[in-house]
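Asks: Below are the sequence and a predicted model for it; my questions follow.
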Amino acid sequence: MLNAIRFLEQVGREQMSSDQYVAAVACLEVSDLQRQALATCDQGALVKLLSAPTSMFFGVFAPEELPDEDMPAREQPEEPADEPEQQG
């Protein structure tokens, strides 16, 4: 299982042509069923073989990221305007 996970991580980091992908899958030390699922890009079969959760979430949150234009901006409370002093 761990070899298949490491392979998927590697594929995510590197750009591979389809020929390179097929060659890399052929060299993996995984079960024949895992190799076949990887070779045919059968996500469902691989999930079952690895006993992985069917739903996953991956997100990257950058603290210095600019706010999304679709998100409403936070409203700042209005400060009371200074009124000029009245002379009586």
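Replies: Ah, there it is.
Asks: For the lengthiest helix in the chain, C-alpha coordinates in PDB please.
Replies: Looking across the chain with DSSP state H, the single longest helix is helix 2-13. Extracted C-alpha coordinates of helix 2-13, given in PDB (Å, rounded to 0.1, in the frame of the first residue of the first chain):
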ATOM      1  CA  LEU A   2       2.700   2.500   1.000                       C
ATOM      2  CA  ASN A   3       4.500   2.000  -2.400                       C
ATOM      3  CA  ALA A   4       1.300   2.900  -4.300                       C
ATOM      4  CA  ILE A   5       0.800   6.000  -2.100                       C
ATOM      5  CA  ARG A   6       4.400   7.100  -2.600                       C
ATOM      6  CA  PHE A   7       4.100   6.600  -6.300                       C
ATOM      7  CA  LEU A   8       1.000   8.800  -6.400                       C
ATOM      8  CA  GLU A   9       2.800  11.500  -4.500                       C
ATOM      9  CA  GLN A  10       5.700  11.300  -7.000                       C
ATOM     10  CA  VAL A  11       3.300  11.500 -10.000                       C
ATOM     11  CA  GLY A  12       1.800  14.600  -8.400                       C
ATOM     12  CA  ARG A  13       5.200  16.300  -8.100                       C
END
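Asks: Can you give me the buried ones in it?
Replies: Neighbour counts using 16 or more other Cβ atoms under 10 Å place A4, F7 of helix 2-13 among the buried residues. Where C-beta positions appear, they are placed from N, C-alpha and C, glycine not excepted.
Asks: could you point out which element follows that helix?
Replies: Proceeding C-terminally, helix 2-13 gives way to helix 18-27 as the next helix or strand, assigned by DSSP states H and E.
Asks: list the helices and strands that following helix packs on?
Replies: Secondary structure elements in contact with helix 18-27, counted by 3 or more Cβ pairs under 8 Å, 6 or more residues apart in numbering; DSSP states H and E, are helix 2-13, helix 32-39.
Asks: of those, which approaches L50 most closely?
Replies: The minimum distance between L50 and the helices and strands packed on helix 18-27 falls on helix 2-13, with 6.3 Å, by Cβ to Cβ.
Asks: Quick one: list the elements packing against the closest one.
Replies: For helix 2-13, the packing partners by 3+ Cβ pairs under 8 Å, 6+ apart come out as helix 18-27, helix 32-39.
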